[in-house]
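Novice: quick one, what's the 3D model for this:
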Amino acid sequence: DDVEGPSLYTVKAVLILDNDGDRLYAKYYGDGYPSVKEQKALEKNIFNKTHRTDSEIALLEGLTVVYKSNIDLFFYVIGSSHENELMLMAVLNCLFDSLSQMLRKNVERRALLENMEGLFLAVDEIVDGGVILESDPQQVVHRVALRGDDVPLTEQTVTQVRKSIRASLSAIKFKSSITLLTVKAH
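Specialist: Presented below is the predicted three-dimensional model:
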């Protein structure tokens, strides 16, 4: 479709498929694949071409596809054919590493499905409208934690839970020491 060189709008799609090639998550940017039918056809094609290979990059349908698999998940970041695959790979690695931290290194289908809110927030921190915003997983996890303050306990990271427990314990200790002082004073 477009013939110019790389642009700011690098990412065409971010996909996560299961080991049968079924969609667990898909976010498309731009209007290259407007219908779900076209999107699913692309996803099936990409999965069929990549799920048995060890490489990390594929070129198909005029697209650059970078990918990584882990246990029962396949992660894809898609850009146009003239896109810099290192930029796309930075997005892929950032997404994977962010999820790895958020899911306590348990990056597999069940854990991901239980933490979809975190996934949505993470992708939004990394890519906005096809523009790469962030490639540092530490920053992404930090921002997701800030934005996810109202996320239920099951979807919080261990670090968030520990921090809130520590804060509660500190408050309890502080109140107890005041109570002890008051009791001793009488």
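Novice: chain center to stretch 67-86: distance?
Specialist: 13 Å (C-alpha atoms, centre = their mean, to the nearest Å).
Novice: and that stretch, average pLDDT?
Specialist: Per-region confidence: stretch 67-86 scores 93 on mean pLDDT.
Novice: identify each buried residue in it, please.
Specialist: 67-69, 73-80, 83, 85 (16 or more other C-beta atoms under 10 Å). For glycine as for every other residue, the C-beta is placed from the backbone atoms N, C-alpha and C.
Novice: from these, which land in helices?
Specialist: Assigned to helices by DSSP state H, the following of the buried residues of stretch 67-86 qualify: residue 85.
Novice: now the buried residues of stretch 67-86 in a markdown table, with distance to residue 109?
Specialist: Converted to a markdown table, those look like this (distance: C-beta to C-beta, whole Å):
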| residue | distance to residue 109 |
| --- | --- |
| 67 | 16 |
| 68 | 15 |
| 69 | 12 |
| 73 | 6 |
| 74 | 10 |
| 75 | 12 |
| 76 | 15 |
| 77 | 19 |
| 78 | 21 |
| 79 | 25 |
| 80 | 29 |
| 83 | 28 |
| 85 | 26 |
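Novice: determine which two of the buried residues of stretch 67-86 are furthest apart.
Specialist: Greatest spacing in these, by C-beta to C-beta: 73 and 80 (24.5 Å).
Novice: helix or strand, whichever it is, which one in the protein has the lowest mean pLDDT?
Specialist: helix 158-185 (a mean of 61; mean pLDDT, DSSP states H and E).
Novice: quick one: low-confidence residue ranges for the protein.
Specialist: Scanning the chain for pLDDT under 70 picks out 1-9, 149-186.
Novice: would you map the strands across it?
Specialist: 11-18, 23-28, 57-60, 63-70, 73-80, 127-128, 131-132 (DSSP state E).
Novice: mind putting the ones you listed in a markdown table, distance to residue 93 included?
Specialist: Formatted as a markdown table, those follow (distance: least, C-beta to C-beta, whole Å):
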| stretch | distance to residue 93 |
| --- | --- |
| strand 11-18 | 13 |
| strand 23-28 | 17 |
| strand 57-60 | 13 |
| strand 63-70 | 8 |
| strand 73-80 | 9 |
| strand 127-128 | 13 |
| strand 131-132 | 12 |
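Novice: out of those, the one nearest residue 49 is which?
Specialist: strand 57-60 (5.7 Å).
Novice: thanks a lot, catch you later.
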